[in-house]
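Visitor: what follows is a predicted protein model with its sequence.
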Amino acid sequence: MAITATVLFNTPQREVASTIRNKLASAISIQIVVGFATVEGVAALEQPISNNPGAIQTLIVGAGTYRAYEAFDRLIALGVVPDRLFVHLGHTRTTGAAAKHRFYRYHPMLHSKIYYLEHSDGGASVLVGSHNATGFALMGLNGEAAVLLEGPKESIEFQKIRDHINAAKSQSVVYSPAMKDALSWWTHQFMEGLADKTNDAPREGEAKRTIVIICESKSPKLPERNDILYFELRSTLGTIQSLRAEIHVYVFDTLPPSPVAALQMLGQARASFWCRTQGLEMERGGRELLAQWYIDDDRSPILKEASKPFRPQPSSDMQQVRVKVYNDVRGAFEYLFDAPSAGWLPKLDEREEAQAPADYREQLSSLDLVPPEHLPWFLVRGLVPAEREENNSYYQALAEMSPTAGSFVLMSLRRRERETH
């Protein structure tokens, strides 16, 4: 008799747990291989297994949560032979002693999904597809696909399935209840490694705040190391210490026509200075200050020598900043002024929902899952920019300190090294 094939299903979100459970109920031999298991996935298959626990010949998972391994313990308590439960730990390699992690956390793993069953009439059935032993997969919440094959167990195709299972088993370790902590830790390492792997969008430069001051000086004399330079910043930016910003000062013989043009001409500056914050005053508290140099106009900035005593007259909305000159600016930078994205939000279509079948919802609710999986899920039709929740005055101040606003005293939130030739 030939093998028959049935494609499951004609729509992605279709519950398959009942199909597998019905096949499990009549099976005399059960072999399952899945890439990932959760407590709700194991629970969905538990009832028919508990009626005939000796039928489990092989159950292999590539990764599982701590509670999934607790469900393994429950299967053992129900009568499943312990040495028939396996965990495939995948492949990895060491990274070297100097690396942050001593092994590669993202690594090749077992990803097969096979539910192979033999029946008392000499026939066999196998579901091969994308369904892991998770609630999302088995209960029709994920988009999944599979093919159900049925026919004589002596068929060459079923022998290939058994060979695949045996090969996976030979690469696996026998599950031990004492290793739950280690096994769930290994799963978490993989997931964190996967998160690092997915974060491969082009970098927009290092997230290093930099105050960039572009000014003019026709004097032959310029600041020297350890000199103090005074300037003012909008108080809505917060204190410069909390910003942890570097200060880069560029001095031109003649101020470029605009901040945008100046940023393209930094390599032509007469001098540059890398500075650190020395002190600041809020609410016009600095009536008399120690400083050798000052800049008092962000729209037409001229580097000037400070008189003694130095008594600036800032407006009430400005903070007074004094920085110490240490070196010239080492390196050529491209300063970035757009604020980082606030992220994205899903656009939900509540007319299209996926929900676990009614007879599984009570079981899912009783498991106290986070997030809850017995409630409906809605189709995501798109992603829209999230609105910022931060203080609007802060972003207004940033806008006023951008090159397009005409300011030569700039706040750059990010920067990247400029290629030089």
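Guide: Structure received. Computed from a predicted structure; not experimentally measured. Numbering: from 1, shown residues only.

Visitor: number of residues surrounding residue 99?
Guide: Around residue 99 there are 10 other residues, counting by other Cβ atoms under 10 Å. Just so you know, the C-beta spots here come from the backbone N, C-alpha and C atoms, and that holds for glycine as well.

Visitor: now it: phi and psi?
Guide: Main-chain dihedrals, residue 99, degrees, to the nearest 10: phi -80, psi 160.

Visitor: for the closest residue to residue 237 other than its chain neighbours, list the residues it contacts.
Guide: Leaving aside its sequence neighbours, residue 237 sits nearest to residue 397 (Cβ to Cβ, 6 or more residues apart in numbering; 5.0 Å). Shown in contact with residue 397 (Cβ atoms under 8 Å, 6 or more residues apart in numbering): 234, 236, 237, 411.

Visitor: same thing but at 7 Å, please
Guide: Neighbouring residues of residue 397 by Cβ atoms under 7 Å, 6 or more residues apart in numbering: 234, 236, 237.

Visitor: okay, and it sits in which element?
Guide: Using DSSP states H and E, residue 397 sits within helix 392-400.

Visitor: helices or strands up against the helix or strand that comes right after that helix?
Guide: Downstream of helix 392-400, the first helix or strand assigned by DSSP H and E is strand 409-412. Judged by 3 or more Cβ pairs under 7 Å, 6 or more residues apart in numbering; DSSP states H and E, strand 409-412 is in contact with strand 210-216, strand 333-336.

Visitor: tell me the strands beside the helix or strand following the first one, with direction?
Guide: It refers to strand 210-216. In the C-terminal direction, the helix or strand that comes right after strand 210-216 (DSSP H and E) is strand 228-234. As defined by DSSP bridges, the strand partners of strand 228-234 come to strand 293-294 (parallel), strand 318-327 (antiparallel).

Visitor: now do the buried residues in the longest one.
Guide: Pointing back at strand 318-327 there. For strand 318-327, the neighbour count (16 or more other Cβ atoms under 10 Å) marks 318, 319, 320, 321, 322, 323, 324, 325 as buried.

Visitor: end-to-end on stretch 161-180?
Guide: 29 Å (Cα to Cα, to the nearest Å).

Visitor: correction: the previous question concerned stretch 171-182.
Guide: 18 Å.

Visitor: next: stretch 171-185.
Guide: End-to-end for stretch 171-185, by Cα to Cα: 19 Å.

Visitor: show me what counts as buried in that stretch.
Guide: Here stretch 171-185 shows 172, 175, 180, 183, 184 as buried, counting by 16+ other Cβ under 10 Å.
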